[in-house]
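Engineer: below are the sequence and a predicted model for it; my questions follow.
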Amino acid sequence: MSVVSNVTVKVPATTANLGPGFDCIGAALQLHNEVTFTLNNSGLIIQASGIEAEKVQTDKSNLLYQAFTKLYNYIEQTPPSVKIEIKLGIPLARGLGSSATAIVGGLVAANVLAGLPLSDVQVMELAIAMEGHPDNVVPAFLGGCRLAATSSNGWEICDITWHRNIIPVVAIPDFELSTSEARLVLPTEVSRGDAIFNTAHFGLLLRGLATNREEWLKAALQDKLHQPYRQALIPGYDAVEKAAVAAGAYGIVISGAGPTLLALTDPLHTQMVASAMTNAWKQVGIKSTVRSLPIDVQGAVVL
Ligand SMILES: Nc1ncnc2c1ncn2[C@@H]1O[C@H](COP(=O)(O)OP(=O)(O)O)[C@@H](O)[C@H]1O
Ligand SMILES: N[C@@H](CCOP(=O)(O)O)C(=O)O
């Protein structure tokens, strides 16, 4: 039996993969979506406001609603009739985890309205199952930078130290790239050489993030599992990379499945890196919004 009639959940954006950590690591960023679910007697109502609100589905196919019903189905209850009010701060299909915010927001809201039948671990595992990979839903749920690995008991989640002087700068272009489309270009098998390359660089990334050691971070952002295949989907990638590095970034990676590009830099170079990325994209005719976004340590919050 539900004890509350409405709930508001705020969920952060994420940047997944971080180069060599394809499908296993991601960090939450201080940019948020917020959603309120209110029990009603008049059938499903969905209202969206904020950035790109007109693009959000307002029927039962809406991902927030899909996640909401997923939890009720899981606990073998009929989902109640609800009004859903969405405030969007994260642009859709840009590699900043908008789908993860919808999945986590819908599941967390359903769990609260259903009287907390599931533990946090159960909710998180449902989120991973819905998204199909853990690297955006886990940091969206827990905050910080998180590594997820399967174990015989489900998932082991590890918090990854992110040195405070490593500044994420995201360059968000004005075109979309859906995650499903960006996954279609990936090979299903990779060579042993590429697997070894990524294992080494991922280890280096974890140590680089913890220590802020410049030469480790510069080398660590390389990847052979997804970025080489996806770069062709992002016009201007090489120009933005060159400009960011010349302005003082350690390097750039594709944020999530793209097309947003993430640069890592230090506090002194943040503004120069941001301007360089904006200008580089402008020169190939692409408008972008470039922002330095600190790591979000809270994750999903019930307000
Ligand atoms: N707040 C939201 N409410 C409903 N659906 C959403 C919301 N945010 C994202 N989505 C759905 O997720 C899709 C984008 O997911 P995806 O292609 O994985 O890109 P992203 O990198 O932004 O997660 C949108 O086109 C939309 O269908
Ligand atoms: N590992 C996934 C991450 C997708 O993240 P998103 O923020 O783009 O949804 C992938 O690279 O496909």
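Structural biologist: Yep, that arrived. Ligands and ions are numbered 1, 2, ... in the order given.
Engineer: going forward, measure contacts and count neighbours with C-alpha atoms only.
Structural biologist: Noted.
Engineer: excluding chain neighbours, what is closest to Pro20?
Structural biologist: Asp223 (4.5 Å; C-alpha to C-alpha, 6 or more residues apart in numbering).
Engineer: next one: Thr101
Structural biologist: Thr101 sits nearest to Val11 (C-alpha to C-alpha, 6+ apart), 5.5 Å away.
Engineer: are we agreed that that neighbour is in a helix?
Structural biologist: No - counting by DSSP: H, G, I helix; E, B strand; the rest coil, Val11 is not part of a helix but strand.
Engineer: separation between it and Ile234?
Structural biologist: 27 Å (C-alpha to C-alpha, to the nearest Å).
Engineer: higher neighbour count, these two?
Structural biologist: Ranked by neighbour count (other C-alpha atoms under 10 Å), Val11 and Ile234 place Val11 first, with 33 against 17.
Engineer: got the contact list for that one?
Structural biologist: 32-34, 101, 104-105, 140-141, 299-301 (C-alpha atoms under 8 Å, 6 or more residues apart in numbering).
Engineer: strands - which of those residues land there?
Structural biologist: 32-34, 301 (DSSP state E).
Engineer: helices or strands up against the top helix by length along the chain?
Structural biologist: The helix that spans the most residues within the chain, counting by DSSP state H, is helix 192-211. Counting contacts by 3 or more C-alpha pairs under 8 Å, 6 or more residues apart in numbering; DSSP states H and E, helix 192-211 is packed against helix 214-220.
Engineer: do the next helix or strand after the helix it packs on and ligand 1 meet?
Structural biologist: Using DSSP states H and E, the helix or strand that directly follows helix 214-220 along the chain is helix 227-230. No - Helix 227-230 is not in contact with ligand 1 by C-alpha under 6 Å from any ligand atom; minimum separation 13.6 Å.
Engineer: all helices for the stretch 51-200 of the chain, in order.
Structural biologist: Using DSSP state H, counting those that start in this stretch, the helices of the stretch 51-200 of the chain run over 63-74, 98-113, 120-131, 137-142, 179-184, 192-211.
Engineer: ok, which of the ones you listed comes nearest ligand 2?
Structural biologist: Ranking those by their distance to ligand 2 (criterion: C-alpha to the nearest ligand atom) puts helix 179-184 first, at 5.1 Å.
Engineer: next one: the closest one to chain centre, how far?
Structural biologist: Relative to the chain's own centre, helix 179-184 is displaced by 15 Å; criterion: C-alpha atoms, centre = their mean, to the nearest Å.
Engineer: now do the buried residues in that helix.
Structural biologist: Across helix 179-184, burial judged by 16 or more other C-alpha atoms under 10 Å covers 179, 182.
Engineer: pLDDT of it, averaged?
Structural biologist: Taken as a whole, helix 179-184 has a mean pLDDT of 98.
Engineer: now swap in stretch 271-284 and tell me
Structural biologist: Average pLDDT, stretch 271-284: 98.
Engineer: same thing with stretch 110-122?
Structural biologist: On average, stretch 110-122 scores 98.
Engineer: can you give me the distance of Leu261 to Gln77?
Structural biologist: Taken as C-alpha to C-alpha, the span from Leu261 to Gln77 is 42 Å.
Engineer: looking at these two, which is more packed in?
Structural biologist: Between Leu261 and Gln77, counted using other C-alpha under 10 Å, Leu261 has the larger neighbour count: 26 against 11.
Engineer: what's opposite the more buried one in the beta bridge?
Structural biologist: Using DSSP bridges, the bridge partners assigned to Leu261 are Ala171, Ile254.
Engineer: kindly report the same for Thr14.
Structural biologist: Ala28.
Engineer: no further questions, thank you.
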